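Student: Just a sequence and a predicted model for now, questions to come.
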Amino acid sequence: MAQPQTIVVMQQPMAGAGTQLREWNSGVFGCFSDFGSCIYGYFCLHCLMCNVSTRLGENCLAAHCALPALRTKLRVANGIQGSVCDDWLCSQCFMPCVVCQLDRELRHIGK
């Protein structure tokens, strides 16, 4: 009788095989590193959410319905450290701050 075996599967980031994961350009609470996104998010959060969704190639409603998924999409596509759990928790607890973070990150990568 054979003993059960444990199989470990390692997943490479989508940014390229062997690529080191990097930190976010600014943290969730990094609004003061770019005061413009903070003001935009404060006075017109829904407009900024639509803008971020569109820049990520998604429907405008995606940010309203699936913000954690947008954060995960941006993070994985650009080799940024984190997890789906982090994306979900941050998006649920600090939604306006996450939208501003996504805006800053998109500008940092030129989108």
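Tutor: Now that the structure is in, tell me what you want to look at. Fair warning: this is a prediction, and the values are worked out from it, not measured in the lab.

Student: For this structure, which segments count as helices?
Tutor: Using DSSP state H, the helices of the chain run over residues 35-43, 45-55, 62-65, 67-77, 84-93, 95-108.

Student: would you turn those helices into JSON lines with mean neighbour count and mean pLDDT?
Tutor: Glycine gets a C-beta too; all of them are placed from N, C-alpha and C. Formatted as JSON lines, those follow (neighbours: other Cβ atoms under 10 Å; pLDDT from 0 to 100):
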{"stretch": "helix 35-43", "mean neighbour count": "15", "mean pLDDT": "89"}
{"stretch": "helix 45-55", "mean neighbour count": "18", "mean pLDDT": "95"}
{"stretch": "helix 62-65", "mean neighbour count": "17", "mean pLDDT": "83"}
{"stretch": "helix 67-77", "mean neighbour count": "20", "mean pLDDT": "96"}
{"stretch": "helix 84-93", "mean neighbour count": "15", "mean pLDDT": "96"}
{"stretch": "helix 95-108", "mean neighbour count": "21", "mean pLDDT": "95"}
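
Student: so which of those gets nearest Asn25?
Tutor: Nearest to Asn25 among those is helix 95-108; the distance by Cβ to Cβ comes to 4.1 Å.

Student: The closest one packs against which elements?
Tutor: Under the contact criterion of 3 or more Cβ pairs under 8 Å, 6 or more residues apart in numbering; DSSP states H and E, helix 95-108 touches helix 35-43, helix 45-55, helix 67-77, helix 84-93.
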